[in-house]
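Engineer: this one's sequence-less:
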C-alpha cells in the first residue's frame with residue numbers, strides 16, 4: 001500500500017514538472033535601442049508609425065526632436081530571438097519639413113511564431129508646439145497633460161491617454177479606449193471603443209459606431225452615433241444623429257437638433273428655462289425632458305399615431321391639437337418663442353415633465 005502511495009506521488013510530481021515545462025517554455029530575450037535626433041523649425045512636423053508597442057511623448061524647450069526606440073524580441077531560443085530582432089526595421093529621417101520614424105517588420109523566414117513576441121516602444125522628446133501625426137497599432141499612445149501643437153492620431157487595438165489640446169486634434173480610434181482632457185477643436189472617429197472619456201469641449205465632431213462616450217461640458221457638439229451610449233454633463237448646442245443607441249444630457253442650455261432618433265432613447269435631465277429650441281425627428285425613438293416649473297415654452301408633437309405624448313406637472317398649461325390626427329400643441333406658462341418640436345414618425349414617444 002505504501003509502495004503504491006509513493007509511486008503515485010512520484011508520478012504526480014513528474015506530471016506536474018512535465019506540464020510546467022510545456023506550459024512555460026524557456027524564454028530568451030534580445031534587445032536593441034535606436035536613438036536619433038533632428039533639428040526642427042516652427043513649421044515642421046513629426047510623423048510616426050509604430051506597431052506592437054507604445055508611443056510616449058514628452059515636451060522640452062529645445063528646437064529638436066529626439067527619438068529613442070527600444071526593441072525587445074522574445075523567443076524560445078537565442079537563435080530565434082536574434083533572428084526576430086533583426087526583422088524589425090525603424091526608418092528615421094527628415095525630408096523637407098517632416099521628421100519621420102516608421103516601424104516595419106520583415107516576413108518570418110521559418111516557423112509559425114508560437115511563443116514569440118515583439119515589444120517596440122517609442123520615446124519621443126519634442127517641442128510642445130510642433131505638429132505631429134502619430135499612428136499606433138497593437139499598443140498605446142501616451143501624451144502629456146498639456147498639448148499645444150496640432151495633432152492627428154490614429155490608433156487601433158490600443159488605448160490613448162492624454163491631457164488637454166489647445167489646438168486642432170483629430171483622433172481615429174478602433175478597438176480600444178481613449179481618455180483625454182479639454183478639447184478646443186476636435187474630430188473623433190470611434191469604432192468599437194469601449195470607453196471614451198473627454199473633458200470640456202469647445203467644438204467637437206464625432207462619428208461613433210459601437211462605442212460609448214462620456215464628456216463633461218460641450219459648447220458645440222455634432223455627432224452621428226450608432227449602437228452605443230452617449231453621456232454629456234452639460235451642453236450649449238447639440239446636433240445629433242442617434243441610431244440604436246442611448247443618449248443622456250445632464251443639462252441643455254440652448255438648442256438641440258436630432259435629425260434621426262431611430263430605435264433609440266434620448267433623455268434630457270434638465271432643460272434651461274432660457275433654451276431656444278429642441279427639434280427631434282423620431283423613428284421608433286423615445287425622448288424624455290425635464291423642465292423647470294418657471295419656464296415658458298411650447299410643445300409641438302406631430303405624427304403621434306401609435307405613440308404617446310405625456311406632459312406632466314405644469315400648473316399653467318393650455319393644450320390644443322387634433323386628437324384624431326394625433327397632433328398635439330401645449331403652451332406652458334403662456335408659451336413663448338422657445339419650442340420643443342417632436343415628430344414622432346407615428347411610433348415615437350415623448351415625455352415632458354416639471355422639475
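Structural biologist: Now that the structure is in, tell me what you want to look at. The model shown is predicted, which means the values in this text are computed figures rather than measured ones. Residues are numbered from 1 along each chain as shown.

Engineer: Would you map the strands across the stretch 251-355 of the chain?
Structural biologist: Using DSSP state E, counting those that start in this stretch, the strands found in the stretch 251-355 of the chain span residues 265-271, 277-283, 286-291, 297-302, 309-312, 317-322, 327-332, 339-343, 349-354.

Engineer: list the buried ones in the second one?
Structural biologist: Same thing as strand 277-283. Buried positions in strand 277-283, judged by neighbour count with 16 or more other C-beta atoms under 10 Å: 278-283. C-beta coordinates here come from the backbone N, C-alpha and C atoms, glycine included.

Engineer: what are the ranges of the helices in the stretch 1-150 of the chain?
Structural biologist: In the stretch 1-150 of the chain, the segments counted as helices under DSSP state H, counting those that start in this stretch are 2-23, 78-87.

Engineer: returning to what we had before: will you turn the buried residues of strand 277-283 into JSON lines that also has pLDDT?
Structural biologist: Shown next, in JSON lines, are the buried residues of strand 277-283 (pLDDT from 0 to 100):
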{"residue": "278", "pLDDT": "98"}
{"residue": "279", "pLDDT": "98"}
{"residue": "280", "pLDDT": "98"}
{"residue": "281", "pLDDT": "98"}
{"residue": "282", "pLDDT": "97"}
{"residue": "283", "pLDDT": "96"}
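
Engineer: Show me which pair in the residues you listed is furthest apart.
Structural biologist: For the buried residues of strand 277-283, with distances taken as C-beta to C-beta, the pair at the greatest spread is 278 and 283 (16.8 Å).

Engineer: which one of the buried residues of strand 277-283 is nearest residue 191?
Structural biologist: Residue 191 lies nearest to residue 283 out of those, by C-beta to C-beta, at 23.1 Å.

Engineer: Can you check the pLDDT for the spatially closest residue to that closest one that is not a sequence neighbour?
Structural biologist: In space, and not counting its chain neighbours, residue 283 is closest to residue 262: 4.3 Å by C-beta to C-beta, 6 or more residues apart in numbering. Per-residue pLDDT puts residue 262 at 98.

Engineer: what's across from residue 262 in the sheet?
Structural biologist: In this entry, residue 262 is beta-bridged to residue 243, residue 283, by DSSP bridges.
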